[in-house]
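> When you get a sec, could you give me coordinates for this:
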Amino acid sequence: MTDFDLDRRTPAGALQTVDRALLVLLAFERTRPDWGVTEVAEEFGWDTSVAQRLLATLAGRGFLVSDPATRRYRIGPAVLRLGRLWERSGSLELLAGPVLEELRRVTGDTVLFSLPDSFHMRCVAAEEGETGPLRYYPLVGELYPAHAGATSKSYYAYLPDEQRHRLFWGRPMARFTDRTVTDPDVLEHQLLKVRGQGYAWTVGEYDTGVATLAVPVFLGREPYGSLSLGGAEERFEGAMENKLEALRKAADLLERRLTHPPQRSKPRSRRTT
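Alright, predicted model coming up:
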């Protein structure tokens, strides 16, 4: 089985062949990066000939690539091109926007949704808090360093250990405030603590006087980004538990919207008198 909870039933009115091809693409994961024809057929209960034609067609359009030595298939360059377009097309903000707006309404804090961008987290959607802006320039597009602040730590803590170590060890880390951690050993200890408790909480690591509470956002079992609340430290005093509960609920909803986007409801037929 794959990491995604796939509904394998073809929706009413949908083309079965297209739906099956999409199911095949969604079956590829970091923990299952390649598939053979027989494996696909067994996984979905299809004839081997059906699986073969689907895989060959997807490879022909660049969505998969075939290893001629093993005859196994991996994700192809067409998926990468669409993935890059997706994150910059506005569709991501369209799906995340309602979640961020509701979280800001519930907490009153500034809300950020951020995605990894090399050694930073890039804010892709934001809602300003009720006390005013954290900065006097747009938050969307801001880059947050991987080693400073809960927005980044809530994501990087969940990377595989080897990948995380490659990112942080041997790399110079800038100090932004007197609370910024630049020792890789101390940072690793903090990241493991974040992963154990499921959230990150920092005060003044990137911006002096700014507190941040953040949780990871997953696609399946893969860390995808982070959702965070920001504001003055005193706003969190005595309210941390409620804010964390609201933040986790919002992250769960965001994950569902990203994996199963809401469908536009069909218009009701008008009755004639």
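
> Mind listing what's buried along stretch 183-197?
184, 187-188, 190-191, 194-195 (16 or more other CB atoms under 10 Å). C-betas here are computed from N, CA, C, even on glycine.

> Could you dump those residues into CSV with secondary structure added?
Conversion of these to CSV gives the following (DSSP: H, G, I helix; E, B strand; the rest coil):
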residue, secondary structure
184, helix
187, helix
188, helix
190, helix
191, helix
194, helix
195, helix
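
> With pLDDT and distance to residue 158 as extra columns, can I get these in a markdown table?
A markdown table is the format used below for these (pLDDT from 0 to 100; distance: CB to CB, whole Å):
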| residue | pLDDT | distance to residue 158 |
| --- | --- | --- |
| 184 | 92 | 18 |
| 187 | 95 | 15 |
| 188 | 95 | 13 |
| 190 | 97 | 13 |
| 191 | 97 | 9 |
| 194 | 97 | 8 |
| 195 | 96 | 6 |
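
> out of those residues, who's nearest residue 42?
residue 195 (34.2 Å; CB to CB).

> ok, of the buried residues of stretch 183-197, which one's closest to residue 209?
Taking CB to CB as the measure, residue 209 lies nearest residue 190 of the buried residues of stretch 183-197, at 20.1 Å.

> so what does the host helix or strand of residue 258 touch, helix or strand wise?
Take DSSP states H and E as the rule and residue 258 turns out to sit in helix 240-259. On a contact count with 3 or more CB pairs under 8 Å, 6 or more residues apart in numbering; DSSP states H and E, helix 240-259 meets helix 91-107, strand 210-219, strand 222-232.

> who does the last one pair up with?
Looking at strand 222-232 with DSSP bridges, its partner strands are strand 110-117 (antiparallel), strand 210-219 (antiparallel).

> So which of these is nearest residue 104?
Counting by CB to CB, residue 104 lies closest to strand 110-117 out of these; the figure is 4.9 Å.

> what's the spacing between the closest one and its chain's center?
Its chain's C-alpha centre and that of strand 110-117 lie 10 Å apart, by CA atoms, centre = their mean, to the nearest Å.

> before we move on, what about stretch 38-57?
Between the centre of stretch 38-57 and the centre of its host chain there is 29 Å, according to CA atoms, centre = their mean.

> rewinding a little: and of the strands paired with strand 222-232, who's closest to residue 54?
Distances from residue 54 to each of the strands paired with strand 222-232 were compared using CB to CB; the shortest belongs to strand 210-219, at 22.7 Å.

> residue boundaries of the strands in the protein?
Counting by DSSP state E, the segments of the chain that form strands are 34-35, 64-67, 72-75, 110-117, 120-127, 143-145, 200-203, 210-219, 222-232.

> Out of the ones you listed, which gets nearest to residue 175?
Minimum separation from residue 175 across these (CB to CB) falls at strand 143-145, 10.2 Å.

> Pull out the buried residues from the lowest-mean-pLDDT helix or strand in the chain.
In the chain, no helix or strand scores lower on mean pLDDT, DSSP states H and E than helix 77-88, which sits at a mean of 80. Taking 16+ other CB under 10 Å as the neighbour-count basis, helix 77-88 is seen to contain the buried residues 78-79.

> contacting residues around it?
Contacts with helix 77-88, where a contact means CB atoms under 8 Å, 6 or more residues apart in numbering, come from 25, 61-63, 65, 92, 115, 124.

> Dump the strands of the chain into a markdown table; add mean pLDDT as well.
Shown next, in a markdown table, are those (pLDDT from 0 to 100):
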| stretch | mean pLDDT |
| --- | --- |
| strand 34-35 | 92 |
| strand 64-67 | 93 |
| strand 72-75 | 94 |
| strand 110-117 | 94 |
| strand 120-127 | 93 |
| strand 143-145 | 94 |
| strand 200-203 | 96 |
| strand 210-219 | 94 |
| strand 222-232 | 93 |
